[in-house]
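S.K.: got a predicted model here, sequence first, then my questions.
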Amino acid sequence: MKFLKADWVLTCDDEFSIIKDGGVVFEDKIVDINCASVLEEKYSNLDVEYCGKNSVLMPGLINSHVHLEFSGNKTTLKYGNFLDWLTSVIENREELIEKATEDLIDSELKAMLKTGTTSIGAISSYGFDMSSCIKTDMNVVYFTEVIGSKPDMIDTLFVDFKAKLESTKQNCSTNFIPAIAIHSPYSVHPFLIREVLKIAKENDMPVSAHFQESKSENDWLNYNKGSFISFFKNFLQQTTAVTKPNEFLSQFKGIENLSFTHCVEANAKELEQIKDMNATIIHCPKSNRLLNNTSLNLNYLDDISLAMGTDGLSSNNSLSLFDEMQSALFIHRTNDINDLSKRLLTASTNGGAKALGLNKGQVAKGKDADLISFSLPDTCSEEDIATAVILHTKQVDKTYIQGKHIELS
Ligand code: BEZ
Ligand code: FE2
């Protein structure tokens with residue numbers, strides 16, 4: 001058993017409980033959590049490891065939505081307009097995929113570990129990131145993605161999807177968990193969605209989809225209008241959307257660990273549907289900003305569960321969730337800074353665990369001992385600590401995953 005003590009323990013539980021001068025006792029799971037002085041008496045046989053002056057101990061971060069296969073992008077893709085970006089992705093896809101070698105993806109995963117991430121939801125379009133995701137120390141919920149709206153391609157795409165999914169199932173382990181992603185309502189034919197969700201239900205797999213990311217998407221889905229008209233005409237010879245947003249959402253009923261990424265254009269009715277399914281919204285604020293999409297209105301979400309993601313380097317310059325949270329503080333400028341910081345930290349831990357179906361994301365008895373520690377540059381009040389953590393943390397000092405110490409080389 002291991003005993004860590006820190007000046008601050010952020011539990012990231014639903015109340016955002018904070019323990020000053022706290023301690024955590026753990027094996028692969030968390031055994032006890034309390035004031036360090038109480039634990040020191042109770043576990044007097046254990047050596048206590050102090051994390052240092054102004055130290056913070058909290059759950060490892062969960063990046064619920066990342067595309068590692070697009071790690072090769074730095075300056076290739078066009079930002080500032082969703083459709084221009086999407087077109088540039090399609091035009092540069094082959095070149096970018098070739099650049100995202102196994103070595104590059106391995107090094108991005110290591111960088112994520114150094115910046116406090118211990119679990120990811122990896123959206124895989126091709127399966128080229130699979131061996132990196134199997135060998136990393138992080139927990140990976142690996143989403144095999146289905147895409148394709150053309151009716152004459154459905155059979156081939158479904159066969160290909162099943163083969164990719166099967167190879168993920170062959171490699172299933174406690175830290176490599178097969179899951180299913182549906183690209184979006186505009187890019188996947190309802191037949192494919194139905195068949196793929198049948199598989200998800202049979203295998204009790206987490207499911208995720210992009211949803212209502214841009215005005216173009218909303219205009220196309222609801223009215224067959226807007227800038228998607230020429231895109232679909234030129235690339236896919238289509239003049240109408242394959243589904244309506246509410247029909248799309250209603251197909252997901254009964255999925256236990258369900259998430260929708262972006263949702264920035266979702267209307268009240270769609271948000272209600274998401275809430276009724278007990279699904280999570282995954283917020284990727286930097287991606288939304290770079291593609292000039294709307295910023296998610298956090299005040300509209302009611303009590304829908306929230307998680308955080310960086311999206312891929314195709315629409316971000318960093319896969320660090322601390323960077324993501326810091327940007328979110330500046331994007332959501334009307335929200336109270338300390339309340340927002342607590343909400344972002346909870347979304348990046350507890351919320352991610354719900355989205356991905358993991359027994360993690362909180363420092364609480366019985367949860368997996370996925371822990372990170374780091375030190376603030378100075379003393380801080382309890383009231384301001386969440387904001388201070390987001391503003392001042394770039395890298396972590398210590399990381400444990402399921403109780404195992406991870407070298408951050
Ligand atoms: C499709 O394969 O149907 C598709 C792919 C990307 C964007 C839109 C549609
Ligand atoms: Fe994405």
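M.R.: Noted; the coordinates are in hand. Numbering: from 1, shown residues only. Ligands and ions are numbered 1, 2, ... in the order given.
S.K.: quickly find the element holding the residue minimising distance to the centre of the chain.
M.R.: Most central in the chain under Cα atoms, centre = their mean is S64, positioned 1.3 Å from the mean C-alpha point. Using DSSP states H and E, S64 falls within strand 61-66.
S.K.: can you give me the helices in the stretch 201-350 of the chain?
M.R.: Along the stretch 201-350 of the chain, the segments classed as helices by DSSP state H, counting those that start in this stretch run 215-223, 228-236, 245-250, 268-276, 285-290, 321-331, 337-346.
S.K.: of the ones you listed, which approaches ligand 1 most closely?
M.R.: helix 228-236 (5.5 Å; Cβ to the nearest ligand atom). C-betas here are computed from N, CA, C, even on glycine.
S.K.: touching ligand 1 at all, that closest one?
M.R.: Yes: interface with ligand 1: helix 228-236 contributes L236 (Cβ under 6 Å from any ligand atom).
S.K.: okay, buried residues for that helix please.
M.R.: F228, I229, F231, F232 (16 or more other Cβ atoms under 10 Å).
S.K.: so the second one touches W220, yeah?
M.R.: Yes: with contacts defined as Cβ atoms under 8 Å, I229 counts as touching W220 at a distance of 7.5 Å.
S.K.: re earlier: CA-only coordinates of the next helix or strand after the strand holding S64 in PDB, if you can.
M.R.: Once the chain leaves strand 61-66, the next helix or strand it forms, by DSSP H and E, is helix 82-99. Written as PDB, here are the backbone C-alpha positions of helix 82-99 (Å, rounded to 0.1, in the frame of the first residue of the first chain):
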ATOM      1  CA  PHE A  82     -15.500  25.000 -40.500                       C
ATOM      2  CA  LEU A  83     -16.100  24.100 -44.200                       C
ATOM      3  CA  ASP A  84     -12.700  25.400 -45.300                       C
ATOM      4  CA  TRP A  85     -11.100  23.300 -42.500                       C
ATOM      5  CA  LEU A  86     -13.100  20.100 -43.500                       C
ATOM      6  CA  THR A  87     -12.200  20.500 -47.100                       C
ATOM      7  CA  SER A  88      -8.500  21.000 -46.200                       C
ATOM      8  CA  VAL A  89      -8.700  17.800 -44.100                       C
ATOM      9  CA  ILE A  90     -10.100  15.800 -47.000                       C
ATOM     10  CA  GLU A  91      -7.500  17.200 -49.400                       C
ATOM     11  CA  ASN A  92      -4.500  16.700 -47.100                       C
ATOM     12  CA  ARG A  93      -5.700  13.500 -45.300                       C
ATOM     13  CA  GLU A  94      -3.200  11.100 -47.000                       C
ATOM     14  CA  GLU A  95      -0.200  13.300 -46.400                       C
ATOM     15  CA  LEU A  96      -1.100  14.000 -42.800                       C
ATOM     16  CA  ILE A  97      -1.700  10.300 -42.000                       C
ATOM     17  CA  GLU A  98       1.700   9.400 -43.400                       C
ATOM     18  CA  LYS A  99       3.300  12.000 -41.200                       C
END
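S.K.: now do helix 82-99 against helix 228-236: the angle between them, please.
M.R.: Angle of helix 82-99 versus helix 228-236, following axes from the mean of the first three to the mean of the last three Cα atoms, to 10 degrees, is 30 degrees.
S.K.: what does helix 82-99 contact?
M.R.: For helix 82-99, contacts defined as Cβ atoms under 8 Å, 6 or more residues apart in numbering pick out 69-73, 76-79, 126, 128, 213-217, 227-228, 231, 235, 291-293, 314-315.
S.K.: what mean pLDDT does whichever helix or strand comes after it get?
M.R.: Using DSSP H and E, the helix or strand that follows helix 82-99 in sequence is helix 102-114. Computed over helix 102-114, the mean pLDDT rounds to 98.
S.K.: buried residues in helix 102-114?
M.R.: Neighbour-count burial for helix 102-114 [16+ other Cβ under 10 Å]: I105, D106, E108, L109, K110, M112, L113.
S.K.: what lies in contact with that helix?
M.R.: Residues outside helix 102-114 that contact it (Cβ under 8 Å, 6+ apart) are 63, 68-69, 71-72, 120, 129, 131-133, 135-138, 313, 319-320, 395-396, 399, 406, 408-409.
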